[in-house]
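K.L.:
heads up, no residue letters with this:
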Ligand SMILES: Cc1cc2nc3c(=O)[nH]c(=O)nc-3n(C[C@H](O)[C@H](O)[C@H](O)COP(=O)(O)OP(=O)(O)OC[C@H]3O[C@@H](n4cnc5c(N)ncnc54)[C@H](O)[C@@H]3O)c2cc1C
């Protein structure tokens, strides 16, 4: 969607499963004018089921077996909310998300998969569920330590003898036995058993495939128990329904898929097991605004196995039907395929194929499966470069919108958003948001200096709540860098034109994020102005108070002082890459965390260590803000480029040539004062920072103690990055530690 398309329809995708990756890709290839996509996902790296057993067996790396949802969502121009959905309100059409405001939708689509059912197993808390797969692999590392520390043979029981259970057992036995010497065990001392409640393993598979897989298990010395249910788990046994008790130091649950718990509180039509019922258009029969696909869905009239292959096939139909629903067009019918090709791997780059009554096996089957899986993954891991504007310039809601005062957001929109915010009251704020007057009225504390600052941004991320949180933290940085306390703020908001309920919800999400951050800083929102523009923008004017003699200034650096920076650099590079769908999801998440970290708690620490001068590093980059300090203090500085703290992933992006559009002008504006250096971190001197760290000087003798206190507390990434040197010329200059004269 282009920034000027009015938003008329919100489609919210919950979960980044196999069907939703297809929805994202298709909307990226062909954007739908007026439709805004939002992806709510618990994990940014979503595993591809076809490669999961190979990933467990160590045949694939994490990157090979996962799709990074962040670049895919950026490609689709979809907003990403990195959090788990916790509930649905199908009367008001909200998805509830823990720890943040609910997310409104016109259509919602659910593809959150399933986890093994533990309904009839006592002591299930002692078991290890195979899904979510990444939690399982985290536990795998603890499991290896348990095996190493265990005297004698270590027994692992797998509850569930379907394709998933058999494949997992073979993959895990291959990996653990290969690793046995490093676990101080003989391979035969890591013992496996598999338990299946039906009379045969792999119910639903043809006899030939079952024979081949049973032989593969037997060749590995894996005990098979059929016709018996796993009933009770203790730390070292698994009791079965036939009275047997197996020794099991770790019981892994690959039981049949259980219903999701987070949708139980809405009156959504579900099947007898608790999965969401859908018709052959993948739409809920009870709520037309809801679609579902993959394991979480149960198609009326079919009993589809819970297998990724169905979620994959449903993806294109789901994408099409969401688009058609948004347009108000008739939906398409999805007919599940009758026979599917099953390819089951045995851990050692060998696989068994089954289709209809046929079964065949070999290393070539593994290579064939590997080729199919890699080809599928490539579609989502290697995204084409698309023009930002994929629309054809069709009619918009209105050809021209008014400017000037006519560009104000309607009062109803504003009030609906403000009514949802918590009350904004504080001593010294005599009149604020809830007063009908034209301006806020403040009474400053006697004897204090009023410290004011203003900052404004175009939205650099598409989640308005997170944008509000980060923007507010950025704006507060100036107040804290002056050593002041934040009191109140006035907001300036620009919102793209859309339907009133959408604009009002965006405004609420933005202000909810901003007021939360203000509240954490002890401040309130006292008023503001909202207007319409081509894209979302937000700024805050912040009022703070300080005792005049404790104000921290840029001047005051002394020769010999050490320089400390409290946060890693690289937000500009990272967001430039993110806009091009080239940034890794986990790296962007680390940057979000860093940008939400307040510099306020650093102030008492640096004061305790006699800080001489300070500033926050923002739009002009480290070099620009450092030079302001050098010129205000009449000194030069020597930087250690190798000591600069850098956000995860940024070094690689810099090496690949990613940079913020502001970097060249930041570099140009400092001219010769910051000479060129052949160091990989040199470009980061000019990278504009959003909610960047505190840069300050302090006596060299205090530097190590201050750094330790910062790293152990409010600034884990803080680093000593240089020292102050005597002024050589008319203006401040930077030299580099270790550089030859
Ligand atoms: C060991 C094993 C091997 C398997 N091998 C195969 C195989 O070879 N072939 C095959 O077809 N199937 C296989 N399966 C089955 C397959 O894994 C599932 O059927 C498939 O993953 C289901 O896809 P999905 O799209 O429904 O959900 P998933 O792939 O499970 O995706 C769900 C997504 O939703 C996210 N999510 C979950 N809860 C929330 C929430 N509350 N809010 C927001 N996001 C959420 C998750 O982070 C995840 O990204 C295997 C299963 C196991 C256990």
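P.N.:
Yep, it's here. Just so it is clear, the structure is predicted and the values come from calculations on it, not from any experiment.
K.L.:
And the strands in the stretch 501-650 of the chain?
P.N.:
With strands called from DSSP state E, counting those that start in this stretch, the stretch 501-650 of the chain shows them at 524-533, 537-546, 562-565, 613-616, 636-639.
K.L.:
so what strands line up beside the fourth one?
P.N.:
Okay, so that is strand 613-616. Strand 613-616 has these partner strands in its sheet, going by DSSP bridges: strand 694-698 (antiparallel).
K.L.:
contacts for the strand it pairs with?
P.N.:
Residues from elsewhere that reach strand 694-698, judged by C-beta atoms under 8 Å, 6 or more residues apart in numbering: 477, 480-481, 552, 556-558, 561-567, 599, 602-603, 606, 609-617, 622, 625-626, 629, 633, 706, 715, 724. The way it works is simple: take the backbone N, C-alpha and C, and place the C-beta from them, glycine included.
K.L.:
Can you go through these and name the buried ones?
P.N.:
Taking 16 or more other C-beta atoms under 10 Å as the criterion, what is buried in the contacts of strand 694-698 is 477, 480-481, 552, 556-557, 561-567, 599, 602-603, 606, 609, 611-617, 622, 625-626, 629, 633, 706, 715, 724.
K.L.:
Which parts of the chain belong to which domain?
P.N.:
Using automatic domain parsing, the domain parsing of the chain gives 9-114+259-337, 124-257, 404-549, 552-736.
K.L.:
Could you tell me the phi and psi values at residue 192?
P.N.:
Per-residue torsions, residue 192: phi -120, psi 150 (degrees, to the nearest 10).
K.L.:
Looks like it contacts residue 156 (just checking).
P.N.:
Yes: in this structure, residue 192 is within contact of residue 156 by C-beta atoms under 8 Å, at 5.3 Å.
K.L.:
what sits in contact with each of the two?
P.N.:
Common contacts of residue 192 and residue 156, defined by C-beta under 8 Å, 6+ apart, comprise residue 172.
K.L.:
how about the residues of the stretch 301-450 of the chain that lie near the ligand?
P.N.:
Taking C-beta under 6 Å from any ligand atom as the contact definition, the stretch 301-450 of the chain meets the ligand at 306, 307, 308, 309, 311.
K.L.:
secondary structure class for residue 703?
P.N.:
With DSSP: H, G, I helix; E, B strand; the rest coil as the basis, residue 703 sits in helix.
K.L.:
what's the burial count for it?
P.N.:
18 (other C-beta atoms under 10 Å).
K.L.:
show me the contacts for it.
P.N.:
Applying C-beta under 8 Å, 6+ apart to residue 703 gives the contacts 562, 564, 609, 720.
K.L.:
Excluding chain neighbours, what is closest to the third one?
P.N.:
Beyond its immediate neighbours in the sequence, the residue positioned closest to residue 609 (C-beta to C-beta, 6 or more residues apart in numbering) is residue 706, lying 3.7 Å away.
K.L.:
So which of the residues of the stretch 301-450 of the chain next to the ligand is the closest to residue 378?
P.N.:
Checking these against residue 378 by C-beta to C-beta gives residue 308 as the nearest, at 16.6 Å.
K.L.:
The closest one: how many residues sit nearby?
P.N.:
Other residues close to residue 308 by other C-beta under 10 Å number 19.
K.L.:
correct me, but it touches residue 48?
P.N.:
Yes: using C-beta under 8 Å, residue 308 makes contact with residue 48 at a distance of 7.4 Å.
K.L.:
what is in contact with these two at once?
P.N.:
The contact sets of residue 308 and residue 48 overlap at residue 18 (C-beta under 8 Å, 6+ apart).
K.L.:
which residues sit in contact with residue 240?
P.N.:
Residue 240 makes contact with 195, 225, 228, 229, 230, 231, 246 under the criterion C-beta under 8 Å, 6+ apart.
K.L.:
which ones are touching the closest residue to the ligand within the stretch 451-600 of the chain?
P.N.:
In the stretch 451-600 of the chain, the residue found nearest to the ligand is residue 585; the distance is 11.1 Å by C-beta to the nearest ligand atom. Residues counted as contacts of residue 585 (C-beta under 8 Å, 6+ apart) are 44, 45, 68, 69, 70, 71, 82.
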